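# Build me a structure from this.
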Amino acid sequence: MTVAVCPGSYDPVTAGHVDVFRRAAQLVDEVVVAVLHNPAKQGTFSVEERIAFIEDEVGDLPQVRVQAFANRLLVDVCAEVGATLILKGLRGGTDLAYEMPMALMNRQLTGIETLFIPGEPSLEHVSSSLVKEVVRFGGDVTGMVGEGVRAALVERLRQD
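Numbers count the residues shown, from 1 in each chain. Predicted coordinates for the structure are as follows:
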């Protein structure tokens, strides 16, 4: 059985993330969406909220499970869940330049490989930070995030 980890902070999960989860679920037997939490950083949403948002988006996929991890190396998370692959979505060359050193380090540490999945071109511009900024200043992010995330962002961030 092939288990893959899709790591991220997902603060919040976007349509691009969900697209990667869904496509990853077609490639492996189990996808563990690892919500990585750094207690030193203050997020917009709690880890529990992030997990609930993701579960709302992928609840129809029994091979996808969402779990939180804190203060661990990604390779240790992979060992804990029995993953033999790390799956990451890429929006473009900047993402690749950022992700490649981590992929190489993870491979050097434990031999685990990272598989990069090209993002959906229509979502290439969507990131958690940009979505939050758009909402903060009154913009509409419908289609960039799920409806539950959109409503929570408006409630938490909108400046009137």
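
# contacts, neighbours, all on C-alpha from now
Fine.

# packing partners for the top helix by length along the chain?
Taking DSSP state H as the assignment, the helix of the chain that covers the most residues is helix 93-110. Judged by 3 or more Cα pairs under 8 Å, 6 or more residues apart in numbering; DSSP states H and E, helix 93-110 is in contact with helix 74-81, strand 113-118.

# Provide the strand pairings for the shortest one, with the direction of each partner.
Translated: strand 113-118. Applying DSSP bridges to the sheet, strand 113-118 is found paired with strand 85-90 (parallel).

# Give me the contact list for the strand it pairs with.
Residues outside strand 85-90 that contact it (Cα atoms under 8 Å, 6 or more residues apart in numbering): 2-7, 17, 20, 24, 78, 96, 112-119.

# cool, stretch 113-120 as well?
For stretch 113-120, using Cα under 8 Å, 6+ apart, the contacting residues are 16, 19-20, 84-92, 103, 106-107.

# Tell me which stretches of this protein form helices.
Using DSSP H, helices in the chain cover 15-25, 47-58, 74-81, 93-110, 128-136, 147-157.
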